[in-house]
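1. Return atomic coordinates for the entry below.
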Amino acid sequence: MYNKMSLNFLSLSENEAFARNVIAMFSLSINPTLNEISDVKTAVSEAVTNAIVHGYPDTVGSIDVEAEIQDDILHIIIRDYGVGINNVEEVLEPFYTTKPEEERSGMGFTIMKNFMDKVTVESKINKGTIVKMTKTFKK
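-> Residues are numbered from 1 along each chain as shown. As a prediction, this is how the structure comes out:
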C-alpha cells in the first residue's frame, strides 16, 4: 500500500490539535493499535508545538506537514520556516530548553524519539527546521 498527504497551516496553537488529528486519521489505513496511534499523535503534537513556540517566537508563520505510508511504515515531515536552531545536538539532549521562563520541560525531542522508530532534525538559522519521523506499525 502507498499513500501520501500534505497540509499547510499557520503557526497558531489551535492548529497543533488539527495536525495531530489529521495524521492520526491518515494513519488508520495501516490498521494501527490504539497505542500506536497515541504514539504518533504525541510525537506530531510535540513537533508541531516546537515549530509554533520555537520556530516563530514573535510572529505567525507557516508550517508544512507531510505524511507518507509505504506498506506498514509511516513517514512524517514537519517543517517550519522560522528562526532555526543554532545547535541541533544541544536541543536533542533531554531537559534542554531555550525557554525555561515559560516552564518548558525540554523533553519534546526525547518524547518524539521514544514514541517513533526514527527521528532526525535538520535546521538552518533564519531558514527553519525540518523534523523527520518514521514509525513501523506491527502487523
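
2. Distance check, the residue nearest to the spatial centre of the chain against D80.
-> Central residue of the chain (CA atoms, centre = their mean): A47, 2.7 Å from the mean position. Using CB to CB, to the nearest Å, one gets 10 Å for the distance from A47 to D80. In short, each C-beta sits where N, CA and C put it, glycine included.

3. just to revisit the earlier point, check what pLDDT the residue nearest to the centre of the chain gets.
-> pLDDT for A47: 96.

4. try Y96
-> 59.

5. okay, and the helix or strand of this protein with the least pLDDT?
-> helix 88-91 (a mean of 71; mean pLDDT, DSSP states H and E).

6. Which other helices and strands does the next helix or strand after that helix contact?
-> For helix 88-91, the following helix or strand on the C-terminal side (DSSP states H and E) is helix 108-115. Other elements packing on helix 108-115 under the criterion 3 or more CB pairs under 8 Å, 6 or more residues apart in numbering; DSSP states H and E are helix 34-50, strand 118-124, strand 128-136.

7. Serialize the ones you listed to CSV and add fields for distance to Y56.
-> Formatted as CSV, the helices and strands packed on helix 108-115 follow (distance: least, CB to CB, whole Å):
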stretch, distance to Y56
helix 34-50, 11
strand 118-124, 14
strand 128-136, 10
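
8. Which one of the ones you listed lies nearest to E68?
-> Closest approach to E68 among these (CB to CB): strand 128-136, 9.7 Å.

9. Just give me how far that closest one sits from the chain centre.
-> Distance of strand 128-136 from the chain centroid (CA atoms, centre = their mean, to the nearest Å) equals 6 Å.

10. low pLDDT regions in the chain?
-> Within the chain, the segments meeting pLDDT under 70 span 90, 92-107.
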